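Trainee: Pasting a predicted model and its sequence here:
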Amino acid sequence: MNYSMFDEIDYFTNFKGNQKIPNFQNEFNNNLNTLEYIENNNLDLYTPYEGYIRGNLFKNMYDQYKNFQPGKIKINSEQEEMLLNIGQMAFAAHELNLLLDNYPNNQEALDLFNKYQRMTDEVIKNYERRYGPLNVSSMDMKTIPFKWENDKWPWEM
Amino acid sequence: MWKYEKRLQYPVNIKKKDLKLAKYLVTQYGGSNGELAAAFRYLNQRYTMPDNRGKALLTDIGTEELAHVEMISTMIYQLMKDATIEELKEAGLDSHYAEHSRAIYPTDANGVPFTVAYFATTGDFKADLMEDMAAEQKARAVYENLIDLTDDPDVIAPLLWLRQREIVHFNRFKELYEMYEKEGF
């Protein structure tokens, strides 16, 4: 099996502390029929995490430099862990977006794109509830002071 | 139009000051093969692509390059943060300090300021896509040179990651070019 959905399940259930990502477990259970489909498709993809640390979701395109292994992303807080979830899901969706730009009729890529996009939206919503807005259009902006300018900016993290 | 998301595409967390490296790394911000040139080269070329595949691909890769500008800028900022005047002088960044203090500013590794000449647009989609493929290869080569110049794992990880993006983008441009050829565009 080239593409392991189980890695994702492990990933999402291995959160430290009390953090819960609602819906994902149900999402995965409801999508078990998708699993069979993904195993049999023509896309040879890394899992979102494995693709994210490499900067490349496509196994046939990955090109290692010398003997450098992809960096492991260090997690020092729950916030960084949630950002990693957003990063990997958004990255997987973006990689499929670029593929679909060239091959707009690839149904398998489209289904996966929609799946990862939905998961990205979900993890962003969860993050914003806890740590403040990532987008100025976030729902979490109703109280003063204006939350957009709060917290650290990306280059200060 | 564009929207900003307040996060990096891939995390950058550099703890060790390194002014020499900052001086080299800036070329991937403001050099001819850098991310800023890439972003606007593609966003500028997209208007004259022959069909919607090209318009979509150049829009989406151009947009991603803006996220890479942010990553490189973050790396330079973190490498230079808290530098003393003495340290800036030692690294040969005293002339940078004279013009820009501790701000970041798009130049190449020799301090030559960014220029829109790097956008390299002909309006001929074959020439433009070939230019883009070459640009991705040149940026990959520069990332490899930069990786060779450091041993800080906090710097190497994002450089490896950005290098890999050049490979993916190169392959997407190549696919599109070959499809256009085959379809007789």
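Mentor: Ah, there it is. Since we're looking at a predicted model, the values are computed, not measured.

Trainee: In chain A, which residue sits closest to chain B?
Mentor: Per CB to the nearest CB, residue A:71 is where chain A lies closest to chain B, at 2.7 Å. Any C-beta I mention is one placed from the backbone N, CA and C, and that applies to glycine too.

Trainee: immediately after the helix-or-strand element of chain B with minimal mean pLDDT, which helix or strand?
Mentor: In chain B, the helix or strand scored least confidently by mean pLDDT, DSSP states H and E is helix B:94-100, which has a mean of 95. Next along the chain after helix B:94-100, taking DSSP states H and E as the criterion, comes helix B:125-148.

Trainee: which parts of the least confident helix or strand of chain B are buried?
Mentor: Neighbour counts over helix B:94-100 (16 or more other CB atoms under 10 Å in any protein chain shown) mark residue B:96 as buried.

Trainee: re the thing from before, determine the three-state secondary structure at the residue of chain A closest to chain B.
Mentor: coil (DSSP: H, G, I helix; E, B strand; the rest coil).

Trainee: For chain A, list the residues in contact with chain B, please.
Mentor: A:52-56, A:58, A:61-63, A:65, A:68, A:70-71, A:73-74, A:80, A:83-84, A:86-87, A:90-91, A:94-95, A:97-99, A:101-102, A:104, A:133-137, A:148, A:153-155, A:157 (CB under 8 Å from any CB of the partner chain).

Trainee: any bit of stretch B:162-178 sitting next to chain A?
Mentor: Yes. With CB under 8 Å from any CB as the criterion, chain A is reached by stretch B:162-178 at B:162-165, B:167-169, B:171-172, B:175-176.

Trainee: what about residue A:129, how many residues close to it?
Mentor: Applying other CB atoms under 10 Å in any protein chain shown, we find 11 residues neighbouring residue A:129.

Trainee: Would you mind measuring from it to residue A:139?
Mentor: Per CB to CB, to the nearest Å, residue A:129 is found 9 Å from residue A:139.

Trainee: Could you do residue B:52 as well?
Mentor: Taking CB to CB, one finds residue B:52 at 33 Å from residue A:139.

Trainee: cool, and residue B:119?
Mentor: With CB to CB as the criterion, residue B:119 and residue A:139 are 38 Å apart.

Trainee: got it, and residue B:36?
Mentor: Counting by CB to CB, the separation of residue B:36 from residue A:139 is 33 Å.

Trainee: for residue B:25, same thing?
Mentor: Residue B:25 is 38 Å from residue A:139, where distance means CB to CB.

Trainee: Show me which of those two is the more surrounded one.
Mentor: Between residue B:25 and residue A:139, counted using other CB under 10 Å, the more crowded position is residue B:25 (25 against 10).

Trainee: Tell me who's in contact with the more buried one.
Mentor: Counting by CB atoms under 8 Å, 6 or more residues apart in numbering or on different chains, residue B:25 makes contact with B:72, B:75-76, B:79, B:146.

Trainee: Tell me how many other residues crowd the residue lying closest to residue B:106 once chain neighbours are set aside.
Mentor: Setting aside the residues directly before and after it, residue B:106 is nearest to residue B:30 in space (CB to CB, 6 or more residues apart in numbering or on different chains), at 2.6 Å. Using other CB under 10 Å, residue B:30 has 25 neighbouring residues.
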